[in-house]
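1. How does the following fold in three dimensions:
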Amino acid sequence: MLQASADGKKRCFGGQAGKEFYADYHDRQWGIPEHDDRRLFEMLILEGAQAGLSWETILNKREGYRAAFHQFEVAKVAAMTDAELEALLLNPNIVRNRLKIFAARKNAVVFSSIQQEFGSFDQYLWRYVEGKPQVNHWKSFGDLPVSTALSDAISKDLKKRGMTFVGSTIIYAYLQAVGVVNDHLADCWCRTEP
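-> I've put the predicted structure just below:
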């Protein structure tokens, strides 16, 4: 059972006082179908950066990531030099993990090749669910899986293409974030159907 926030709305997460940014993310992005390639790329990089950390930490650094990675313009990230990436290791506004920082460029290159092959990353991603969000009916967060056959398949394909930080658990969180999977709980105010 979800607890009501100060505004009276029941949320899956983000209802605590002082964490309005988290509630805003829950209400305006999480579980909502995304089709813009730049936003899809941003979330892919952010979810990879989150590995081993809390999502709240990444949300707090989101603007830092946008500045560091050219507002997530795929071509610009793919063209970043080793020197630019090395400099980011000193940037306190992002997670300073060498593997994650260099993965952003590597993943941008693969993301770009997927765009060329399918016309857009959106077309590539949404074909896995035939263009329609997978709507689940969970009652509590304890019911949510950390990975599924869907995230396994996408993770396997992205790894085969050369991406890193795209394990099945990361990809499942990504699918939730971009609305390919709608995991808003049954009592959540964002739930749009029974």
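2. the helices in the protein, which residues?
-> In the chain, the segments counted as helices under DSSP state H are 20-28, 37-50, 55-60, 62-68, 74-78, 82-88, 98-118, 121-126, 149-161, 168-177.
3. could these go into CSV alongside distance to Asp7?
-> Every C-beta, even on glycine, is put in place using the N, C-alpha and C of the backbone. Formatted as CSV, these follow (distance: least, Cβ to Cβ, whole Å):
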stretch, distance to Asp7
helix 20-28, 8
helix 37-50, 25
helix 55-60, 19
helix 62-68, 22
helix 74-78, 36
helix 82-88, 37
helix 98-118, 34
helix 121-126, 32
helix 149-161, 32
helix 168-177, 22
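4. got those as CSV, with mean neighbour count and mean pLDDT columns?
-> Converted to CSV, these look like this (neighbours: other Cβ atoms under 10 Å; pLDDT from 0 to 100):
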stretch, mean neighbour count, mean pLDDT
helix 20-28, 16, 86
helix 37-50, 22, 98
helix 55-60, 16, 92
helix 62-68, 16, 98
helix 74-78, 18, 98
helix 82-88, 14, 98
helix 98-118, 18, 98
helix 121-126, 20, 98
helix 149-161, 16, 98
helix 168-177, 23, 96
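5. Distance of the closest residue to Ile154 other than its chain neighbours relative to Asn182?
-> Distances taken as Cβ to Cβ, 6 or more residues apart in numbering put Ile171 closest to Ile154, at 5.1 Å, once the chain neighbours are dropped. Ile171 is 16 Å from Asn182, where distance means Cβ to Cβ, to the nearest Å.
6. likewise Glu47?
-> 17 Å.
7. export stretch 124-133 as PDB, just CAs?
-> Listed next in PDB are the C-alpha coordinates belonging to stretch 124-133 (Å, rounded to 0.1, in the frame of the first residue of the first chain):
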ATOM      1  CA  TYR A 124      14.600  -0.300 -32.700                       C
ATOM      2  CA  LEU A 125      13.500  -0.200 -29.100                       C
ATOM      3  CA  TRP A 126       9.700  -0.100 -29.500                       C
ATOM      4  CA  ARG A 127       9.600  -3.000 -32.000                       C
ATOM      5  CA  TYR A 128      10.300  -5.300 -29.000                       C
ATOM      6  CA  VAL A 129       6.800  -4.500 -27.700                       C
ATOM      7  CA  GLU A 130       5.100  -3.900 -31.100                       C
ATOM      8  CA  GLY A 131       4.900  -0.200 -30.300                       C
ATOM      9  CA  LYS A 132       2.700  -0.600 -27.200                       C
ATOM     10  CA  PRO A 133       3.800  -0.300 -23.600                       C
END
